[in-house]
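*Asks:* attaching a predicted model along with its sequence, questions to come.
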Amino acid sequence: MLLVADPNAVRGCEVREQRVDRGVQQIWISAARRPILAIDHASYHHRSVEVVGYERWHLGGIVALCLDEGWPSFPADSERAHRVLTAPGVTAVVAVEGRAVLGFASLQSDGEIQAHLSNIVVARSHRQTGVARRLLQNGIERSGGERIDLVTDTAESFYQALHHKRWNGYRIYPPFT
Ligand SMILES: CC(C)(COP(=O)(O)OP(=O)(O)OC[C@H]1O[C@@H](n2cnc3c(N)ncnc32)[C@H](O)[C@@H]1OP(=O)(O)O)[C@@H](O)C(=O)NCCC(=O)NCCS
């Protein structure tokens, strides 16, 4: 079976039949006994990655993503990470492709006005394909809220690509007295 990345590769052949199966376009040409598969990689990618609510089986993949980023808190105690991701007021969403965890985000929200982004990460292999946008959109739809506040020292370019207002951010630590 011949796999072509560009559907234009079969342009000029006499097309007998076309079908789409899970984002993969099958093109049957008159001379071929088998289909030629033409994959539109952008839309195939987009369709095969799903954003879903956090479930316990995602935990190992989430911890692996954090380790890859050098983020210590979740890998240090994965049971604590599970409690964090399922805590009251927390909405955690996960990007999956089959059983592979490709990204996650967690938000805290009052359900009406104000949400805060605690974490967002996408696997290096799947960056710049819109996964983080989808995590944020799905996350705020589930959590409620009109806007998301966050602090970052790693992802300025990503947030600048989104509709935003810029403020000065602080992360403050107790004790406060
Ligand atoms: C930040 C991060 C989550 C973005 O994920 P992503 O899936 O690649 O982002 P998207 O594909 O949804 O990108 C959305 C927009 O941001 C832009 N963008 C994303 N990363 C960018 C980068 N490194 N430089 C420039 N623009 C970037 C995209 O071009 C896109 O713009 P467009 O929709 O106008 O074309 C990902 O790079 C990541 O996991 N980084 C490491 C972890 C991290 O720093 N998390 C943030 C902690 S505050």
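*Replies:* Arrived safely, thanks for sending.

*Asks:* how about the residues of this structure near the ligand?
*Replies:* Where the chain comes near the ligand, counting by Cβ under 6 Å from any ligand atom, the residues are 69, 120-122, 127-133, 152, 154-155, 157-158, 161. The C-beta positions use only the backbone N, C-alpha and C, and glycine is treated the same way.

*Asks:* among the residues you listed, the buried ones, what's the ChimeraX command?
*Replies:* Those of these that count as buried under 16 or more other Cβ atoms under 10 Å are selected in ChimeraX with:
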select :120,121,122,129,131,132,158
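
*Asks:* hang on, Tyr159 in a helix?
*Replies:* Yes. When classified by DSSP: H, G, I helix; E, B strand; the rest coil, Tyr159 is found to be part of a helix.

*Asks:* any idea how far it is from Asp149?
*Replies:* Taking Cβ to Cβ, to the nearest Å as the measure, Tyr159 and Asp149 are separated by 11 Å.

*Asks:* more neighbours: these two, which one.
*Replies:* With other Cβ atoms under 10 Å as the criterion, Tyr159 and Asp149 differ in neighbour count, and Tyr159 comes out ahead with 17 against 13.

*Asks:* list the contacts for that one?
*Replies:* Tyr159 is in contact with Leu150, Thr152, counting by Cβ atoms under 8 Å, 6 or more residues apart in numbering.

*Asks:* change the start of the numbering to 44 and stick with it
*Replies:* I'll keep to 44 as the first residue from here, and by that count the last item is Tyr202.

*Asks:* distance between the ends of stretch 193-201?
*Replies:* Start to finish, the residues bounding stretch 193-201 are 12 Å apart (Cα to Cα, to the nearest Å).

*Asks:* mind checking how far it is from the chain centre?
*Replies:* Here stretch 193-201 shows a centroid-to-chain-centroid distance of 16 Å under the convention Cα atoms, centre = their mean, to the nearest Å.

*Asks:* and for stretch 121-137?
*Replies:* Averaging C-alpha coordinates over stretch 121-137 and over its chain gives two centres that are 17 Å apart (Cα atoms, centre = their mean).

*Asks:* count of residues packed around Ala135?
*Replies:* Counted by other Cβ under 10 Å, the residues lying close to Ala135 total 25.

*Asks:* can you pull the buried residues of the helix or strand containing it?
*Replies:* Secondary structure assignment for Ala135, by DSSP states H and E: strand 133-140. By 16+ other Cβ under 10 Å, the buried positions in strand 133-140 come out as Val133, Thr134, Ala135, Val136, Val137, Ala138, Val139.

*Asks:* can you give the strand pairings for that strand, parallel or anti for each?
*Replies:* Paired with strand 133-140 in the same sheet, following DSSP bridges, are strand 93-96 (antiparallel), strand 143-152 (antiparallel).
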